[in-house]
Structure formats: C-alpha cells, structure tokens
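Asks: Pasting the sequence and the predicted model now:
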Amino acid sequence: MGNILFGGNKIFRLWKMENVILANGIGLPAVGFGSYKVSEGQDGTRVVKDALLAGYRLIDTAAMYKNEEQVGKAIKESVIPRNEILLTSKVANTDRGYDSTLRAFDESLRRLGTDYLDLYLIHWPADKAREKDWRNVNAETWRALERLLKEGRARAIGVSNFMKEHLVALSETADILPMVNQIEFHPGWMQREVYNWCVGYGIVIEGWSPLGRTRVLNDPLLIRIAERYSKSVAQICLRWAVQLGVIPLPKSVNPERMKSNIDIFDFTLSEEDMKLIESMPATGESGLSPDNITF
Ligand SMILES: NC(=O)c1ccc[n+]([C@@H]2O[C@H](COP(=O)([O-])OP(=O)(O)OC[C@H]3O[C@@H](n4cnc5c(N)ncnc54)[C@H](OP(=O)(O)O)[C@@H]3O)[C@@H](O)[C@H]2O)c1
C-alpha cells in the first residue's frame, strides 16, 4: 500500500503494521497494545513481553493502572530495542495542574525505567460539575505537557476522554493542539461528535475498549459480517477502527488472541460494511464519561 490520506492522517505500510502520522511527524503503529488490568491474576511483565513478541510496538499504560514497573521491566527484558517501542503513559486525575503534572511525569519515567516517553496524555479532563475552575485546571496541566514536549522528554503529547467542549476550551489557551485524543471507540460507540472534531483538526484518535471489553463480540450484525470475511468479530472491530484512521488499543493476556488482534492487514472492509457498522445503534458502551468519573 502506498501513501494514502485517511481521515486527515497519512498512513503507510511500515514493516508489519501501517503507520499513523501525528501532527508533529511522529509515526505510531496502526494498532497498539492496551495494558489495563494485564496483571490481574497474571504476571504483567510476561504479558507485555508476549505482546512485544507478537509484534506490538505501541504500548499503552497509565499511572492509574499501577503497572508501569511491570511494563518497564518487560521492555528492559525484551529483545526489542527501546527506540523501536512507542511507549505511552498518562497523568492521573489526582495529579492535574502544572507542577504536579511535571512531578507525576518524572515518577512515571522512574517506574518505567526510561528517560523519555513517546506519548504522554492527560488521562481525564477536569470534572465540570465538581471543579468550577475546570478550564484552568486543564490549561495548566496541558502547559506542563507542552513544556515536556519542548524539552524533548515526551516525543508527542495528547489528551484522553476529552469531549468537544473540553477541546474547544483547551484550544483557546494552548500553544500546541493535542496530537492524540484517546477515547472509548468501538462498533456501537464511535462518539461521532468528538471523532469529527478531532479529524477536522488533525488530532489522531486512539480507541480504548476497541472490543467494547467483549460486550460487542456477540452482536448479530458483527457476527454476520465476520462470517462473510472469515474473520473473528474482534478482527472486524479492529479493522473497522483502522480503516477510520483510529488506532485501536486491544488488551489481551492470551498470546493467540494478541496475535489475531494484529493480524488484520490482509483484508479490507467494503464501504457498505463500514457504513453498516457505523450505523449500529448504541451498543456495549462502558457508561464512563468525564461527567461521572469519581476517581
Ligand atoms: N484512556 C482511558 O480512559 C482508558 C479506559 C479504558 C481502557 N483504556 C486502554 O484501552 C485498552 C483496551 O481497553 P479494555 O482493556 O477496556 O478493553 P478491550 O481491549 O476492548 O477488551 C479486552 C477484553 O477482551 C478480551 N479479548 C481480547 N482479545 C479478544 C479476542 N480476540 N477475542 C475475544 N476476546 C478478546 C480480553 O480478554 P483476555 O485478556 O483474556 O484475552 C479482555 O477481557 C486498555 O487496556 C487501556 O490500555 C484506556
């Protein structure tokens, strides 16, 4: 596949996976590995090492996941050089603000055993209902991320769970627009308003819970489509996201499922099937939103 323009993002084939280019020229793989809960009843280091072996090069963690040490250990012990791995972490809600974000970043680096991140995100915007000053809190947290970017300690910066109103407010004070917005994104929950806004401003979307945390895997429409392509429903969900220029972040502790979740580059969903999936009614959403987060 040559260079093509995809929802505002240039995508091209780089060894195993196609690449998505951020506004500052940094390339991210078209699919990443989600690490939330990878250590629940498992050895998180083993899981992340298996993901690297399976071919994942974009690893998503967060201070709130409390697994940064395990992720860092996996990277250290793996045969893949650090500079071939794209590592993301996120500032926790309790650390919002300029100084505390800079401190939280240093703590994440220490736990991860690295001296830079490829992508650093604000995990959730400040809550409008509980923080009158939410615009300023987000602006100050963002100012810290801009500093980390300028110092080269974060190669790219972005946000997570920001809806259109948070992005519009942030754009009024920001020097640099977020390069990424990581939101819940799967068939039945594509959050079209924020998706459209991000595509319009060249902000790449990463999709969390791209399988709806399994809640969409029994959907009859998705099963019918999967049968037609001789693929699994999970592969259909992930391919759909990739064709929309969204980077899905599937999580699995199972090496076979890890492999099948990135084995999605030998088929293309037709326009008609893309539209069918886009028109699904609300299905499988987590119910989490910036307005009801209490952690
Ligand atoms: N920014 C945020 O606020 C936010 C919020 C939530 C999540 N995230 C990120 O997004 C990542 C993914 O989201 P998620 O973990 O909520 O959900 P997900 O990736 O949609 O689903 C994970 C679930 O699907 C199962 N699974 C994986 N591949 C499968 C397959 N091929 N067939 C059947 N089942 C499969 C997994 O089980 P096994 O492990 O047993 O395979 C696990 O139970 C997280 O790990 C995290 O990095 C970010």
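Replies: Looks like it came in fine.
Asks: tell me which residues in the helix or strand harbouring residue 136 are buried?
Replies: Assigned by DSSP states H and E, residue 136 belongs to helix 134-150. Neighbour counts over helix 134-150 (16 or more other CB atoms under 10 Å) mark 134-135, 137-145, 147-149 as buried. (Each C-beta comes from the backbone N, C-alpha and C, glycine too.)
Asks: average pLDDT across stretch 92-102?
Replies: For stretch 92-102, mean pLDDT rounds to 97.
Asks: Could you do stretch 67-83 as well?
Replies: 96.
Asks: Ok, stretch 244-264 next?
Replies: On average, stretch 244-264 scores 97.
Asks: does any bit of that stretch sit next to the ligand?
Replies: Yes - counting by CB under 6 Å from any ligand atom, the ligand is contacted by stretch 244-264 at 249, 250, 251, 252, 253, 254, 257, 260, 261.
Asks: Would you mind measuring from the closest residue to the ligand within the stretch 1-150 of the chain to residue 221?
Replies: With CB to the nearest ligand atom, the shortest gap between the stretch 1-150 of the chain and the ligand falls at residue 34, namely 2.3 Å. Distance of residue 34 to residue 221, computed by CB to CB, to the nearest Å: 24 Å.
Asks: more neighbours, these two?
Replies: Taking neighbours as other CB atoms under 10 Å, residue 34 and residue 221 compare with residue 34 leading, 27 against 19.
Asks: That one against residue 208, yeah?
Replies: Yes - look at residue 34 against residue 208 with CB atoms under 8 Å: they come within range, at 6.8 Å.
Asks: Give the residues shared as contacts by these two.
Replies: residue 249 (CB atoms under 8 Å, 6 or more residues apart in numbering).
Asks: Residue 59 reaches residue 51, doesn't it?
Replies: Yes - assessed by CB under 8 Å, residue 59 is found in contact with residue 51 at 7.0 Å.
Asks: Which one's more surrounded, those two?
Replies: residue 51 (30 against 23).
Asks: For the closest residue to the more buried one other than its chain neighbours, which residues are in contact?
Replies: Spatially, and ignoring its direct neighbours in sequence, residue 51 is nearest to residue 33 (4.4 Å; CB to CB, 6 or more residues apart in numbering). With contacts defined as CB under 8 Å, 6+ apart, the neighbours of residue 33 are 48, 51, 56, 58, 59, 60, 249, 250, 251, 258.
Asks: Out of these, which sit inside helices?
Replies: 48, 51, 258 (DSSP state H).
Asks: The last one and residue 187, how far apart?
Replies: Translated: residue 258. Taking CB to CB, one finds residue 258 at 20 Å from residue 187.
Asks: For residue 149, give me its contacts.
Replies: Taking CB under 8 Å, 6+ apart as the definition, contacts of residue 149 comprise 24, 155, 156, 157, 176.
Asks: of all those residues, which two lie farthest apart?
Replies: 155 and 176 (13.0 Å; CB to CB).
Asks: And the two? Which one has more around it.
Replies: residue 155 (19 against 13).
Asks: Now that one: closest residue in space, sequence neighbours ignored.
Replies: residue 118 (4.8 Å).
Asks: wait, that neighbour sits on residue 83?
Replies: No - with contact defined as CB under 8 Å, residue 118 does not reach residue 83; the gap is 9.5 Å.
Asks: Look at these two and report which has more neighbours.
Replies: residue 118 (21 against 8).
Asks: Mind jotting down where the helices sit in the protein?
Replies: 44-54, 68-77, 98-112, 134-150, 164-173, 192-200, 220-229, 233-243, 255-262, 271-278.
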